[in-house]
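Asks: Everything below, folded, please.
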Amino acid sequence: MNTSFLHHAFGVREQECSRVRYEDKSIIIEIQTRKDKLCCPCCGSKHIIRSGSQLRRFRGVPIGSKPLLLEMKVQRIECKDCYCIRQEHVHFVTGKRSYTNRLARLVVELSRIGTIKDVAHFLHLSWDTVKDIQKRYLQRHYGNPDLSKLEYIGIDEFAVAKGHIYKTRVVDLLTGQVVYMGDGKGSDALDGFWKKLKRTNALIKGIATDLSPAFVSSVMTNAPEATLVFDHFHVVKLMNDALDDIRRSIYREEKDLNKRKVLKGTRWLLLCNGKDIFDDKFKSRLDNALKLNEPLMKAYYLKESLKEIWMQMDKDQAAKVLDN
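Replies: Have a look, this model is predicted:
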């Protein structure tokens with residue numbers, strides 16, 4: 001097989017093909033390092049002695065629908081100059097992995113348009129192998145983000161493992177990149193982030209958080225010069241919770257069975273965005289529920305008015321809407 005084909009198709013530069021065979025529905029290419037490329041992996045010296053070999057197989061980029069394996073006798077080398085005894089360096093594989101770097105890059109590209117299961121099936125790989133490639137790629141490119149240019153960040157917690165474990169993440173609001181991940185949802189979850197941030201001398205101008213007292217306290221202690229902003233979602237959630245409490249209270253106090261039937265099941269209609277209700281049936285039901293009780297109607301329209309604050313073009317206009 002042409003060495004140029006090995007290089008461009010599989011990323012193999014220093015080896016040559018000695019044989020190609022078909023076995024167990026897979027294409028197997030036997031390769032070996034050219035004599036002029038064999039050297040000490042420690043010092044690069046050519047004064048070496050070959051002392052045995054180990055047969056290794058590496059998963060490569062498939063040819064069509066057929067899986068491909070690169071079979072290579074990896075030489076054990078004794079160097080006469082530095083006295084190093086070690087296996088030769090295999091440049092197209094990282095460490096002791098069983099797949100080539102070219103295949104790993106293909107997995108990353110396909111992962112942008114497909115699920116782990118789809119990529120594994122298409123490339124004849126296991127689910128765990130695809131997941132391992134993705135994790136290593138993310139760790140290499142995003143494991144140590146640059147915090148020195150941070151200006152505006154968002155802090156929020158989320159639940160994993162069915163809500164039994166919590167994580168706290170810090171996001172660069174300008175790029176959308178996750179720059180830190182902490183364990184738990186208390187102020188101590190951010191201790192590692194503040195330590196890293198202080199070493200970079202970054203100037204944080206604005207921080208968006210939810211209404212967690214732990215996050216507020218952590219921000220005021222470690223970044224008092226930054227503007228603290230409560231994000232839109234959690235502010236509206238407070239209003240929605242108040243509206244839902246009013247609905248529950250009215251339903252419990254209402255004695256008329258017909259009115260109770262109208263109020264029952266209206267939680268979704270009251271809490272969703274009023275502009276998104278296009279169905280006449282749901283619109284009529286919402287109007288009927290609001291007509292039945294004045295406090296519920298006032299709370300509903302206050303909730304809708306609150307959302308208008310974030311729809312304004314500038315801060316001054318938003319302040320006028322808030323005052324109104």
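
Asks: how near is T129 to A104?
Replies: 10 Å (CB to CB, to the nearest Å). The way it works is simple: take the backbone N, C-alpha and C, and place the C-beta from them, glycine included.

Asks: same check, this time on Y152
Replies: 34 Å.

Asks: more crowded one of these two?
Replies: Between Y152 and A104, counted using other CB atoms under 10 Å, A104 has the larger neighbour count: 22 against 17.

Asks: quick one, what contacts the more buried one?
Replies: By CB atoms under 8 Å, 6 or more residues apart in numbering, A104 lies in contact with 94, 133, 136-137.

Asks: any chance of these in TSV, with pLDDT, distance to W268 and neighbour count too?
Replies: TSV is the format used below for these (pLDDT from 0 to 100; distance: CB to CB, whole Å; neighbours: other CB atoms under 10 Å):
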residue	pLDDT	distance to W268	neighbour count
T94	91	51	12
I133	95	42	22
R136	93	43	16
Y137	93	41	15
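
Asks: ok, those residues vs C272, which is closest?
Replies: Distance ranking of the contacts of A104 against C272, using CB to CB, places Y137 first at 38.9 Å.

Asks: can you tell me how far the residue nearest to the closest one when sequence neighbours are not counted sits from C42?
Replies: Using CB to CB, 6 or more residues apart in numbering and skipping residues adjacent in sequence, the residue nearest Y137 is V108, 5.1 Å away. Counting by CB to CB, the separation of V108 from C42 is 31 Å.

Asks: where does the residue nearest the centre of the chain land on pLDDT?
Replies: Nearest to the geometric centre of the chain sits V178, at 7.8 Å (CA atoms, centre = their mean). Per-residue confidence (pLDDT) for V178: 90.

Asks: my read: G60 touches L6, true?
Replies: No - if you go by CB atoms under 8 Å, G60 and L6 don't touch, sitting 9.8 Å apart.

Asks: who's in contact with the helix or strand encompassing V321?
Replies: Here V321 is covered by helix 315-323, with elements defined by DSSP states H and E. By CB under 8 Å, 6+ apart, the residues outside helix 315-323 that reach it are 305, 308-310, 312.

Asks: mind listing what's buried in that helix?
Replies: Residues of helix 315-323 classed as buried by neighbour count (16 or more other CB atoms under 10 Å): none.

Asks: Distance from the chain centre to stretch 81-88, please.
Replies: Per CA atoms, centre = their mean, to the nearest Å, the displacement of stretch 81-88 from the mean C-alpha position of its chain is 41 Å.

Asks: Could you check how far W310 is from R86?
Replies: 62 Å.

Asks: sorry, that was for V170
Replies: 42 Å.

Asks: Adjacent strands (with direction) for the helix or strand harbouring I153?
Replies: Element membership for I153 (DSSP H and E) is strand 152-160. Strand pairing for strand 152-160, determined by DSSP bridges: strand 165-172 (antiparallel), strand 206-209 (parallel).

Asks: Report the buried residues of that strand.
Replies: For strand 152-160, by 16+ other CB under 10 Å, it's 152-157.

Asks: okay if I get the contacts of A104 as a markdown table plus distance to L197 and secondary structure?
Replies: What follows is the contacts of A104, written out as a markdown table (distance: CB to CB, whole Å; DSSP: H, G, I helix; E, B strand; the rest coil):
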| residue | distance to L197 | secondary structure |
| --- | --- | --- |
| T94 | 32 | coil |
| I133 | 31 | helix |
| R136 | 26 | helix |
| Y137 | 25 | helix |
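
Asks: residue boundaries of the helices in this structure?
Replies: Listed in chain order, the helices found in the chain under DSSP state H are 3-10, 101-111, 116-123, 127-142, 191-200, 213-222, 232-253, 257-263, 267-271, 280-292, 294-307, 315-323.

Asks: Now tell me which of the ones you listed the model trusts least on average.
Replies: Among the helices of the chain, helix 280-292 scores lowest, at a mean of 69.

Asks: Let's see the pLDDT reported for the residue nearest to I85 when sequence neighbours are not counted.
Replies: Nearest residue to I85, sequence neighbours excluded (CB to CB, 6+ apart): E78, at 5.1 Å. Predicted confidence (pLDDT) at E78: the value is 92.
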